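Trainee: Would you be able to build a 3D model of this:
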Amino acid sequence: MIQRKQTLWLFIASLLSVTLLLNWYTGWVYKADMAQGFGMVVQKLTVLQHYPSLILAVMMIALPVVAVFRYKDRKQQRGLSLFSILASISFIGVNLMRINHFNETTAPAPQNGSYQAGMVVPVFVILFLILAIRGISRDEKLVKSMDRLR
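Mentor: Predicted structure coming up:
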């Protein structure tokens, strides 16, 4: 049927989610400098170290890709996109709880802790998914208007 801009938005959301699984800069969720002995040690929390975060990140990748190939059923495509937004919000929540737990339970308190790009990526994923949902809704309106003209 009709498949236009929302395909691009869904693929961009999926590609951004892939960066969460990479073990380079964006894979880090949180970085803290910790005093240990006579020096400082950098502790990094990544998505690959935490199974709930890993499962949510895989869902954030898979759901938009599946939604692209469900182009004939726009209602289901919209539902998958909404579920992917829910997975992104859950990812943010789980990692914020994880960081809070890390800061509270570490014996020498972390110094200079900072959130990394891995915590910002889901926000952009949500933005692109919202754009995709808007595109799906516009296509639905277009199809309904074409059916009225027949």
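Trainee: make it CA atoms for all contacts and neighbour counts henceforth
Mentor: OK.
Trainee: three-state assignment of Q43?
Mentor: strand (DSSP: H, G, I helix; E, B strand; the rest coil).
Trainee: Tell me how many other residues surround it.
Mentor: 13 (other CA atoms under 10 Å).
Trainee: Tell me where this structure is predicted with low confidence.
Mentor: 1-3, 23-29, 33-42, 107-115, 117, 149-150 (pLDDT under 70).
Trainee: how about the helices in it?
Mentor: Counting by DSSP state H, one finds helices in the chain at the ranges 5-21, 51-68, 74-105, 121-149.
Trainee: Let's have the ones you listed in CSV, adding distance to Y30.
Mentor: CSV is the format used below for these (distance: least, CA to CA, whole Å):
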stretch, distance to Y30
helix 5-21, 12
helix 51-68, 13
helix 74-105, 7
helix 121-149, 13
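Trainee: do you know which of those helices lies nearest L45?
Mentor: Closest of the helices of the chain to L45 is helix 74-105, at 8.0 Å (criterion: CA to CA).
Trainee: between that closest one and helix 5-21, how big is the angle?
Mentor: 20 degrees (axes from the mean of the first three to the mean of the last three CA atoms, to 10 degrees).
Trainee: Helix 74-105 versus helix 121-149: what angle between them?
Mentor: Relative orientation of helix 74-105 and helix 121-149, computed by the same axes, to 10 degrees: 170 degrees.
Trainee: So which elements touch helix 74-105?
Mentor: With contacts defined as 3 or more CA pairs under 8 Å, 6 or more residues apart in numbering; DSSP states H and E, helix 74-105 has these neighbours: helix 51-68, helix 121-149.
Trainee: Quick one: distance of it to the chain centre.
Mentor: Distance of helix 74-105 from the chain centroid (CA atoms, centre = their mean, to the nearest Å) equals 7 Å.
Trainee: Not counting its neighbours along the chain, what's nearest S90?
Mentor: Counting by CA to CA, 6 or more residues apart in numbering, L56 is the residue found nearest to S90 once chain neighbours are left out, at 7.4 Å.
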